[in-house]
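# 3D, please:
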Amino acid sequence: MSAFLGLEVRDVTKSFQGGTVVDNVSLKVPQGQLVCFLGPSGCGKTTLLRIIAGLESASSGRLFVDGRDVTNVPVEQRNFAMVFQSLALFPHLSVAENIAYSLRLRGMDRASRQARVNELLDLIKLPGIAHQSVEKLSGGQRQRVAIARAIAQEPLLFLLDEPLSALDAKLRDHMQVELRMLQQKLKITTILVTHDQREAMTIADRIVVMANGKIQQVGAPIDVYRNPANRFVASFVGQSNLLDADVLNDTHVRVLGEVLPMSKIPRGISRNARVTVSVRPEDTRIERVDAVDAAGSNGTLPGEVTFVRDLGDLVELRVACQGKELISVGAPGQWPDIRHAERVRVRLPADAATILAS
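Alright, predicted model coming up:
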């Protein structure tokens, strides 16, 4: 049986005096992929990254890279590169000296170091700044230099701990694209820690959603978004309308007193079970009362518009349904005349709803 190519985390746990921070985590990161650890502050994602890097030791469990056990390999012998949130550039060194730092420690001769630095500066689209002080660089330039320094040593794994969080929104969006394009070009196995679900959706091959030290779901961004594994994932990854419901049969549930059609209820969920219905705002439809009154509720929820927000390319509506606020977004042409305080009905399309065990 051939060894798995990439990183394998096997049954890793990390406990401190205050409790368990990483709880029996197992994960495979295939060679060449970019994987995002996504979750709220304190969920264990950074601790797990530091264990992988060798900066923290696991209380139990093993780590393998390309089938080789690296659990007890010292950090300096793992050939992993890491970019911290603070970047940790050396302020007293030039751009070239920062990038070449690890190469000098490895004994590379001066001419080869200079050639590698120039190659990397071209790669990060910053040629001609080799002799500048890093303190004179912009935030985006410093970010690129930190990335160049990390990949100079041609690491087996590239680890990033919220590296873009300090940048302004426009620059962060730009750097997300730059980072993804660079990773695809170099084909370095990469793990990025973030609490920003949009960032994870933008650049990852796969997302690892974490909460309370455990993995909640692993999958491609669109799969995690469209088919959340549980209520936490549905609420954390993007917006979602989450409603308590009672299962009536294989195709209907009762929500806020109304009977709504659903696609087939997942296996393992029995009749009369208490579940959660999750529908994304872009799938939630708003209809005028007079459009459905003749047929009664017609599988919709009655409500009143409490807020209308025009975002230019989208319009966001918030509707109060028996004390529960639902959000719907759509193109302006979908409901050009619906106004604040108007009575409406909310339709949750059966094929767009996800049934989650509560």
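
# CA only for contacts and neighbour counts going forward, please
OK.

# which residues of this structure fall in helices?
45-53, 95-99, 101-105, 110-123, 139-151, 169-186, 197-203, 221-226, 231-236, 289-292 (DSSP state H).

# which secondary structure elements does the longest one contact?
So that's helix 169-186. Judged by 3 or more C-alpha pairs under 8 Å, 6 or more residues apart in numbering; DSSP states H and E, helix 169-186 is in contact with helix 197-203.

# Going by neighbour count, list what's buried in the helix it packs on.
For helix 197-203, the neighbour count (16 or more other C-alpha atoms under 10 Å) marks Gln197, Glu199, Ala200, Met201, Ile203 as buried.

# what's the answer for stretch 68-78, then?
Buried residues in stretch 68-78 (16+ other C-alpha under 10 Å): Val70, Thr71, Val75, Arg78.

# same thing with stretch 245-260?
245-250, 252-256, 259-260.

# just so I know, which of the helices of the chain lies nearest Thr276?
In terms of C-alpha to C-alpha, the element of the helices of the chain nearest to Thr276 is helix 231-236, at 7.3 Å.

# Give me the residues contacting that closest one.
39, 197, 209, 216-217, 224-225, 228, 240, 242, 276, 278, 356, 358 (C-alpha atoms under 8 Å, 6 or more residues apart in numbering).

# I'd like the helices of the chain as CSV, with mean pLDDT appended.
Shown next, in CSV, are these (pLDDT from 0 to 100):
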stretch, mean pLDDT
helix 45-53, 97
helix 95-99, 93
helix 101-105, 87
helix 110-123, 92
helix 139-151, 89
helix 169-186, 89
helix 197-203, 92
helix 221-226, 96
helix 231-236, 95
helix 289-292, 64
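
# Nearest to Ala130, out of the ones you listed?
helix 95-99 (4.6 Å).

# What lies in contact with that closest one?
For helix 95-99, using C-alpha under 8 Å, 6+ apart, the contacting residues are 89-90, 114, 117, 129-134, 145-146, 148-150, 152.

# rerun at 10 Å
With contacts defined as C-alpha atoms under 10 Å, 6 or more residues apart in numbering, helix 95-99 is touched by 88-93, 103-104, 113-114, 116-118, 120-121, 129-135, 137, 142, 145-153.

# got it, and stretch 250-269?
Contacts for stretch 250-269 (C-alpha under 10 Å, 6+ apart): 243-249, 270-277, 297-302, 321-324, 347-357.

# go with 7 Å
Asp244, Ala245, Asp246, Val247, Leu248, Gly299, Thr300, Leu301, Ala350, Asp351, Ala353, Ile355 (C-alpha atoms under 7 Å, 6 or more residues apart in numbering).

# Domain-wise, how is this structure divided?
The chain breaks down into these domains under automatic domain parsing: 6-233, 239-357.

# what's the first-to-last distance across the shortest one?
Distance between the boundary residues of domain 239-357 (C-alpha to C-alpha, to the nearest Å) amounts to 19 Å.

# Report the contact partners of Arg10.
Val25, Ser26, Leu27, Gly61, Arg62, Leu63.

# roughly how far apart are it and Val65?
11 Å.

# now swap in Ala152 and tell me
For Ala152 relative to Val65 (C-alpha to C-alpha), the value is 20 Å.

# And for Asn230?
Counting by C-alpha to C-alpha, the gap from Asn230 to Val65 is 30 Å.

# what's the answer for Asp246, then?
46 Å.

# one step back: most widely separated two among the buried residues of stretch 245-260?
The widest separation within the buried residues of stretch 245-260 (C-alpha to C-alpha) is 18.6 Å, between Asp250 and Leu256.

# So in terms of bridging, what pairs with Leu326?
Val319 (DSSP bridges).

# so it touches Glu316, yeah?
No: using C-alpha atoms under 7 Å, Leu326 is not in contact with Glu316, being 10.5 Å away.

# The two: which has the busier surroundings?
It is Leu326, of Leu326 and Glu316, that has more neighbours when counted by other C-alpha atoms under 10 Å, with 22 against 18.

# list the contacts for the more buried one?
Neighbours of Leu326 in contact, by C-alpha under 7 Å, 6+ apart: Asn241, Arg318, Val319, Ala320.

# Compare these and tell me which is most surrounded.
Busiest of the contacts of Leu326 [other C-alpha under 10 Å] is Val319, holding 27 neighbours.

# how near is that one to Val329?
Relative to Val329, and taking C-alpha to C-alpha, Val319 is found at 11 Å.

# Pro261 too?
21 Å.

# Number of residues surrounding the residue nearest to Arg280 when sequence neighbours are not counted?
Taking C-alpha to C-alpha, 6 or more residues apart in numbering, and ignoring the residues beside it in sequence, Arg280 has Ser240 as its nearest neighbour in space, at 4.5 Å. The tally of other residues near Ser240 (other C-alpha under 10 Å) stands at 23.

# before we move on, what about Leu55?
For Leu55, using other C-alpha under 10 Å, the count is 14.

# show me what contacts the residue nearest to it when sequence neighbours are not counted?
Among residues not flanking Leu55 along the chain, Val75 sits closest, at 6.6 Å (C-alpha to C-alpha, 6+ apart). Going by C-alpha under 7 Å, 6+ apart, Val75 touches Ala53, Gly54, Leu55.

# Which one of those is nearest to Ile188?
Nearest to Ile188 among the contacts of Val75, with distances taken as C-alpha to C-alpha, is Ala53, at 15.0 Å.

# what's the distance between the closest one and Asp205?
20 Å.

# again, but for Asp173
For Asp173, the distance to Asp205 - C-alpha to C-alpha - is 17 Å.

# The two - which one has more neighbours?
Asp205 (19 against 15).
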